[in-house]
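*Asks:* build me a model:
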Amino acid sequence: MDICTALFSPESVHDPFPLFARLRSEAPLHRLERYGWWVVSRYEDVAVVLKRHDLFSSQTGLELMRPPHLDDQTWQELAILRGRSMINTDPPVHSRLRRLVSAAFTPRAMTDLEARIQQIARALVDDIVARDGFDVVDDLAVPLPVTVIAEMLGIDPARGADFKRWSDDLVELGRLTRDQQMTPEETRRLVQSRRELVAYLEAAIADRREHPRGDLLSALTRVEGEDSGLTALEVLGMAVLLLIAGNETTTNLIATGTHLLLDHPGALAQLRAEPALIPNFIEEVLRYAGPVMMLFRRTTADVPVSGGTIPRGELVLALVGAANRDPAQFPEPDRFDIHRDTRGHLAFGYGIHFCVGAPLSRLEGRIAFTELLGRTPPFARIDARPAWGENPSLRGLRALPVRIVR
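*Replies:* Numbering: from 1, shown residues only. Purely as a prediction, here's the structure:
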């Protein structure tokens with residue numbers, strides 16, 4: 001199997017790390033001829049790609065890569081609704097957008113949120129401990145971050161199942177740029193899902209314009225139209241981004257972390273005995289098997305990388321998951337070690353695009369594992385084979401059913 005096929009195959013999505021090791025060793029700069037993309041996999045190179053926004057732009061142009069089976073009307077609709085957000089812009093636009101939301105994720109804001117997150121997590125675990133089995137994904141990893149970000153935005157947490165479905169479908173829409181196997185029927189379903197989300201958010205935004213509250217959505221509409229504020233499409237784009245980023249990564253962090261503990265019972269026993277180790281455990285989960293596997297950038301000049309040169313205007317695929325397993329940066333990188341010094345991992349990005357929601361994700365993860373490990377009896381997985389999703393960019397488990405061991 002060629003590298004291009006392997007990189008996006010179900011087998012590699014389920015376990016991408018052997019292929020990542022091969023790329024780091026044999027082809028640290030590799031061109032995917034099928035797409036015309038360049039792949040970088042070593043820590044040093046990926047860090048440069050993420051840090052040097054002057055050379056590697058976040059305005060990738062991926063949205064201009066139209067799938068052949070998408071009709072004109074649908075494509076135009078998607079193009080209009082994408083809008084500008086923090087993840088697809090460079091300074092000064094990126095700086096303006098980030099400044100307008102960063103106040104919601106300061107240390108003080110996290111302190112103010114902690115009691116409410118604790119309350120939500122405790123209620124979820126109350127339900128878990130009353131049963132003989134549960135699904136880590138459905139019963140904790142999904143509802144905790146979805147409820148938190150919904151309350152922050154000021155939208156109805158009772159629609160949590162819809163928010164999760166919309167968020168998952170938006171992530172899947174990213175496959176349109178490279179997946180020629182996606183059927184027209186599947187495409188139509190994903191597009192319709194996006195329409196539903198946009199309609200819901202547009203109604204909520206219109207309501208905040210008339211009846212502002214003390215939530216994040218009201219804060220975004222408050223600066224709409226002001227000098228250095230947001231346009232109407234930017235308000236919508238920011239709400240969509242916060243919804244996705246506010247739940248997808250944390251859901252995968254909690255589920256993957258639990259999966260790893262079940263694979264490493266010694267670490268699980270240590271965490272149950274010493275909850276103070278949980279924050280460092282979370283950082284090791286992020287390094288070892290973090291949710292974000294790859295990020296795109298576009299070169300603004302000819303750039304030398306790993307003995308070669310990426311020409312100006314080319315798309316670059318930075319393999320974050322490979323960089324975090326680079327032995328040049330992390331000794332014995334394929335060993336899961338909750339005592340490891342994880343400083344420098346790239347799971348939340350690097351440079352100006354470092355994830356603005358990282359403090360919230362870490363807080364939710366710490367509280368979730370403190371509650372789960374501190375209050376549940378021993379549990380064991382039901383299915384031997386992990387149920388990984390099919391998205392190569394944002395890796396996570398679809399399900400993790402476990403049974404209580406009495």
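*Asks:* now do the contacts for residue 294.
*Replies:* 317, 318, 319, 320, 321, 392, 393 (Cβ atoms under 8 Å, 6 or more residues apart in numbering). Placement of C-beta: from N, CA and C, glycine included.
*Asks:* wait, residue 152
*Replies:* Counting by Cβ under 8 Å, 6+ apart, residue 152 has contacts 104, 113, 215, 216, 242, 246.
*Asks:* tell me the one of those nearest residue 6?
*Replies:* Residue 6 lies nearest to residue 246 out of the contacts of residue 152, by Cβ to Cβ, at 31.9 Å.
*Asks:* do you know the pLDDT at the closest residue to the closest one other than its chain neighbours?
*Replies:* Distances taken as Cβ to Cβ, 6 or more residues apart in numbering place residue 149 nearest to residue 246, at 3.1 Å, with adjacent residues excluded. The per-residue pLDDT reported for residue 149 equals 91.
*Asks:* what about residue 149, which helix or strand?
*Replies:* Assigned by DSSP states H and E, residue 149 belongs to helix 143-153.
*Asks:* return the helix or strand in this structure with minimum mean pLDDT.
*Replies:* Lowest by mean pLDDT, DSSP states H and E among the helices and strands of the chain is helix 72-82, with a mean of 65.
*Asks:* quick one: name whatever helix or strand follows it.
*Replies:* Heading C-terminal from helix 72-82 (DSSP H and E), you reach helix 93-102.
*Asks:* ok so, going back, can you give me the angle the helix or strand following the helix holding residue 149 makes with helix 143-153?
*Replies:* Next along the chain after helix 143-153, taking DSSP H and E as the criterion, comes helix 160-173. Angle, helix 160-173 to helix 143-153, by axes from the mean of the first three to the mean of the last three Cα atoms, to 10 degrees: 90 degrees.
*Asks:* in which helix or strand does the spatially closest residue to residue 221 that is not a sequence neighbour reside?
*Replies:* In space, and not counting its chain neighbours, residue 221 is closest to residue 208: 4.5 Å by Cβ to Cβ, 6+ apart. Here residue 208, judged by DSSP H and E, is contained in helix 184-210.
*Asks:* and if you look at residue 31?
*Replies:* Taking DSSP H and E as the criterion, the element that holds residue 31 is strand 29-32.
*Asks:* so for that strand, what gets flagged as buried?
*Replies:* Across strand 29-32, burial judged by 16 or more other Cβ atoms under 10 Å covers 29, 30, 31, 32.
*Asks:* with stretch 199-207 instead?
*Replies:* For stretch 199-207, by 16+ other Cβ under 10 Å, it's 200, 201, 204, 205, 207.
*Asks:* looking at the residues you listed, which is nearest residue 250?
*Replies:* The closest of the buried residues of stretch 199-207, once distances to residue 250 are taken by Cβ to Cβ, is residue 201, at 20.1 Å.
*Asks:* can you pull the contacts of the spatially most central residue of the chain?
*Replies:* Nearest to the mean C-alpha position of the chain, counting by Cα atoms, centre = their mean, stands residue 249 at 3.7 Å. Residues in contact with residue 249 (Cβ under 8 Å, 6+ apart) are 291, 292, 355, 357, 361, 394.
*Asks:* for the fourth one, phi and psi?
*Replies:* When read as degrees, to the nearest 10, the backbone of residue 357 gives phi -90, psi 10.
*Asks:* after the helix holding residue 208, which helix or strand is next? Please name it.
*Replies:* The helix or strand immediately downstream of helix 184-210 is helix 216-222, counting by DSSP H and E.
*Asks:* returning to what we had before: the strand holding residue 31 pairs with which strands?
*Replies:* strand 37-40 (antiparallel) (DSSP bridges).
*Asks:* quick one: mean pLDDT for the strand it pairs with?
*Replies:* On average, strand 37-40 scores 96.
*Asks:* and for stretch 188-205?
*Replies:* Rounded mean pLDDT across stretch 188-205 is 87.
*Asks:* who's in contact with it?
*Replies:* 74, 77-78, 81, 153-155, 159, 162, 165-166, 169-170, 172-173, 176, 217, 220-221, 232, 235-236, 239-240, 243.
*Asks:* can you do 7 Å?
*Replies:* 74, 78, 81, 155, 165-166, 169-170, 172-173, 217, 221, 235-236, 239-240 (Cβ atoms under 7 Å, 6 or more residues apart in numbering).
*Asks:* now, among the residues you listed, which is nearest to residue 5?
*Replies:* Closest to residue 5, out of all of the contacts of stretch 188-205 and judged by Cβ to Cβ, is residue 172, at 19.7 Å.
*Asks:* residue contacts, that closest one?
*Replies:* 190, 391 are the contacts of residue 172 under Cβ under 7 Å, 6+ apart.
*Asks:* how near is it to residue 373?
*Replies:* Between residue 172 and residue 373 the computed distance is 32 Å (Cβ to Cβ, to the nearest Å).
*Asks:* tell me the pLDDT at residue 160?
*Replies:* Predicted confidence (pLDDT) for residue 160: 79.
*Asks:* repeat that for the one 3 residues further on.
*Replies:* The predicted local confidence for residue 163 comes out at a pLDDT of 83.
*Asks:* how about residue 225?
*Replies:* At residue 225, pLDDT is 69.
*Asks:* how near is residue 324 to residue 294?
*Replies:* Residue 324 is 12 Å from residue 294, by Cβ to Cβ.
*Asks:* repeat that for residue 274.
*Replies:* Distance from residue 274 to residue 294, by Cβ to Cβ: 34 Å.
*Asks:* my guess is residue 149 contacts residue 244, does it?
*Replies:* No. Taking Cβ atoms under 7 Å as the definition, residue 149 is not a contact partner of residue 244, at 9.2 Å.
*Asks:* and the two? Which one has more around it.
*Replies:* residue 149 (25 against 21; other Cβ atoms under 10 Å).
*Asks:* just for the stretch 301-406 of the chain, where's the confidence low?
*Replies:* Residues of the stretch 301-406 of the chain meeting the criterion pLDDT under 70: none.
*Asks:* got the residue ranges for the strands in this protein?
*Replies:* 29-32, 37-40, 56-57, 133-135, 295-299, 303-305, 308-310, 315-318, 379-381, 387-388, 397-399, 401-404 (DSSP state E).
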